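Asks: attaching a predicted model along with its sequence, questions to come.
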Amino acid sequence: MMKQYETVIGLEVHVELATKTKIFCSCSTEFGGAPNSHTCPVCTGMPGSLPVLNKKVVEYAAAVGLATNCTITQNCKFDRKNYFYPDNPQNYQISQLYLPICRNGGIEIETEDGARKTIGIHEIHMEEDAGKLVHDEWGENSLVDFNRSGVPLIEIVSEPDMRSASEVIAYLEKLRMIIQYLGASDCKLQEGSMRADVNLSVREVGATEFGTRTEMKNLNSFKAIARAIESERERQIDLIEAGKEVVQETRRWDDAKEYSYAMRSKEDAQDYRYFPEPDLVPIIISDEWLDEIRARQPELQEEKLARYMDEYKLPEYDAKILTGNKHLADLFEKTTEICHVPKKVSNWLMGETMRLMKDADLEPEQLSFSPENLAKLIGLTEERAINSSVAKEVFEHIFNENIDPVQYVEENGLRTVADDGALRATIEEIVSNNPQSVEDYRAGKKKAIGFLVGQTMKATQGKADPGMVNQILTELLQG
């Protein structure tokens, strides 16, 4: 009988915080910029330079902790993690080991079979990011860019509570949504402002002991994470089945080749020779300060979901999709505030917007059209100034170029032909030119009217109101 295996997964998620300046100096955290242009003696590790803590980092970390049901460590401190690597200018990283700012939390996810499951959060700690090595593709050199060095991070360490790639993705999506709602980070995986390292082991179903785990790095999309998990699970099972041992190590995932390879043996905490950071005083988070942070917490997805169903009378399906992304929720609320027809706004966002996003492979954060222009378009359709096919054509221009729909409709003569006299004359001419269709309709073939509607729309360049066309045609054919 074949053995059954269970995958055990825990994640270390690094999130760059949305502060304007770095964690211990006043250099900019802006993404991009010429190499080494956002640097100073502190973040390049010059001898004699001293760190000064950015208060906003502590506030963001505590806010994420509160939103993920953690206990906040009100008396915490920084530690020095010692290791030698070319992108680490001081030869140590300022992090937190002994007293991390947040502990013992958890978030609830929905599993594939619709059940609710809580994924535990062991801790969240604050630390500084390292620089970035840029490898020369043609030569054998590596260059280092310290712009990222000293950018504030929180590391969210989960418990090993996930059992599949789908649970991992559900956890990461929920985590990303919470952090984006808080405004603590934009969580763009492609820019590295959210990065996940996967700790994975396998064991026989029913076993109580964990297997030997590996850690996988270089995962910069949810799809890559899912592929890496499946690949590593298979690799470890193959080793066990062949009677070999899984080695505890750090592996690098190559998404193009869908293959991981060993980087180094996995370090334990003692390998880093941690000790309390001598250049920074302990952080005391008073009850008053914590209450201030708590009072500033925004409306998160679950509260928003309930409000959309109650205040806007949206179906649960609509509300779930719209609140599933903060950018989409903001777009919905701002547009609704202008045009006051929430269900129509929801229809445009969930229909045409989603379709065009899928075609262009865009995330909601990349949408560039304004709520004002979507509201104007909805206004034009509500007053029947344009018909639905023209509205879709105009929306495509709004989506791509954020054009003013009112101006665009006027300039391109797209207003609906609603003048009953002119429209009636056009339809009468079409009826007289198509006696066969008239005869078919009167003989009981009601579908024949469709051909006449099509001819009318063609004659009016798609600008006629289909409802009015149908009404006049029916009247003429039955007369």
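Replies: Thanks, I have the structure now.
Asks: list the contacts for the closest residue to Asn373 other than its chain neighbours?
Replies: Among residues not flanking Asn373 along the chain, Ile398 sits closest, at 5.0 Å (CB to CB, 6 or more residues apart in numbering). Glycine gets a C-beta too; all of them are placed from N, C-alpha and C. Listed by CB atoms under 8 Å, 6 or more residues apart in numbering, the contact partners of Ile398 are 369, 373-374, 377, 405.
Asks: before we move on, what SS does Ile398 have?
Replies: The three-state label given to Ile398 by DSSP: H, G, I helix; E, B strand; the rest coil is helix.
Asks: try the one 5 residues further on
Replies: What three-state DSSP gives for Ile403 is coil.
Asks: dump the residue contacts of it.
Replies: Contact partners of Ile403, counting by CB under 8 Å, 6+ apart, are 373, 394, 397.
Asks: next one: phi and psi at it?
Replies: Dihedral pair for Ile403: phi -70, psi 160, per degrees, to the nearest 10.
Asks: what's the pLDDT at it?
Replies: Turning to Ile403, the model gives it a pLDDT of 94.
Asks: again with Ala269
Replies: 59.
Asks: Phe78 against Glu277, yeah?
Replies: Yes - with contact defined as CB atoms under 8 Å, Phe78 counts as touching Glu277 (4.0 Å).
Asks: re the thing from before, nearest to Lys117 among the contacts of Ile403?
Replies: Asn373 (41.1 Å; CB to CB).
Asks: sec struct for that closest one, please.
Replies: helix.
Asks: looks like it contacts Pro405 (just checking).
Replies: Yes - counting by CB under 8 Å, Pro405 is a contact partner of Asn373 at 5.9 Å.
Asks: about what we covered before: mind listing the shared neighbours of Phe78 and Glu277?
Replies: With CB under 8 Å, 6+ apart as the test, Phe78 and Glu277 both reach Ile94.
Asks: turn the contacts of Ile403 into CSV, columns for pLDDT, distance to Glu241 and neighbour count.
Replies: Below are those laid out as CSV (pLDDT from 0 to 100; distance: CB to CB, whole Å; neighbours: other CB atoms under 10 Å):
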residue, pLDDT, distance to Glu241, neighbour count
Asn373, 96, 59, 24
Val394, 94, 60, 23
His397, 95, 57, 17
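Asks: any chance of those residues in CSV, plus distance to Glu245?
Replies: Shown next, in CSV, are the contacts of Ile403 (distance: CB to CB, whole Å):
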residue, distance to Glu245
Asn373, 61
Val394, 64
His397, 61
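Asks: picking that back up, ok, Phe78 and Glu277, which is more surrounded?
Replies: Phe78 (28 against 18; other CB atoms under 10 Å).
Asks: isn't Arg80 right up against Glu128?
Replies: No - using CB under 8 Å, Arg80 is not in contact with Glu128, being 11.0 Å away.
Asks: find residues that contact each of these two.
Replies: Common contacts of Arg80 and Glu128 (CB under 8 Å, 6+ apart): 93-95.
Asks: can you lay out those as TSV showing distance to Ile338 and pLDDT?
Replies: Compiled in TSV, the shared contacts of Arg80 and Glu128 are given as follows (distance: CB to CB, whole Å; pLDDT from 0 to 100):
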residue	distance to Ile338	pLDDT
Gln93	48	96
Ile94	47	97
Ser95	46	97
